[in-house]
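> Here is a sequence together with a model predicted from it:
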Amino acid sequence: MVQSTTPITDIPLIQHPLRLMLSNALRQNTVLDCLNDEELGELESLLVIAEVKKEDLLLAQGSVEMEQYFVLEGLLKRVVANPEGKEMILRFAGAKDIETSYAAWRLETPAPYSIRAVTKVRVAKCPMPQWAELMSRHPQLKHDFEYEVMRLMSEIMAHTITLHLLDATGRMKRFQRKHPELATLIPKKDLALHLNISPETLSRLLHQE
């Protein structure tokens, strides 16, 4: 299946007909608590709203053009693929979450994974250089954002370790415990790929509950 990187719409937030609703959703984002109204307005002037179809790409693995994403609606997945095309889903990001390739951008390396839509998704986004420049003027924002990036990296590492240490049942139960808000939203094929088990095994485990 050929996957497009072109969003359905790409409209500056300050010109969007749903600006008020989208601004309110943006204010719920996990890394923006420290910003006051004036500072949020400064951020909003940089953002565009993209509406992306299911399975379309926001970021392609290997890309050097990177953006910062704030999830307003829907669900994203972070996916890494080996040269043979075998994929692994590293994490999911829903409303109020961020997705980012900030670490790769800082290291001046290509994106080590892709970011793809699980469902129809609405995100606010801006080029990574603009996001970094904004953070340089707001130290608390930079602190909170970089802390979240490190937390996500730690979470992915912990998940990867459990793929080796836990059996299929243990992996599923851990995911349900850690992410109860996502367990019923993720398609079974994606959840199975995330847990590194077959769809048949996942279906059997779910029917045992």
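Sure thing, it's come through. Numbering: from 1, shown residues only.

> show me the contacts for the closest residue to Pro127 other than its chain neighbours.
Excluding the flanking residues, the one nearest Pro127 by C-beta to C-beta, 6 or more residues apart in numbering is Glu67, at 5.6 Å. C-betas here are computed from N, CA, C, even on glycine. By C-beta atoms under 8 Å, 6 or more residues apart in numbering, the contact list for Glu67 reads 58-59, 125-128, 131.

> Ok, Leu166 next?
Arg174.

> Show me what the residue most central in space within the chain bridges to in the sheet.
By C-alpha atoms, centre = their mean, the mean C-alpha position of the chain lies nearest to Glu99, the distance being 3.4 Å. Applying DSSP bridges to Glu99 gives these bridge partners: Tyr69.

> that older thread, and the contacts of Glu67, which of them are buried?
For the contacts of Glu67, a neighbour count by 16 or more other C-beta atoms under 10 Å gives the buried set as 58-59, 125-126, 128, 131.

> right, and Leu32 touches Leu26 too?
Yes - assessed by C-beta atoms under 8 Å, Leu32 is found in contact with Leu26 at 6.9 Å.

> Can you check which residues contact both of these two?
40, 43, 70.

> Per-residue pLDDT of the second one, please?
Think Leu43. Looking at Leu43, its pLDDT is 98.

> Same question for the first one.
Predicted confidence (pLDDT) at Leu40: the value is 96.
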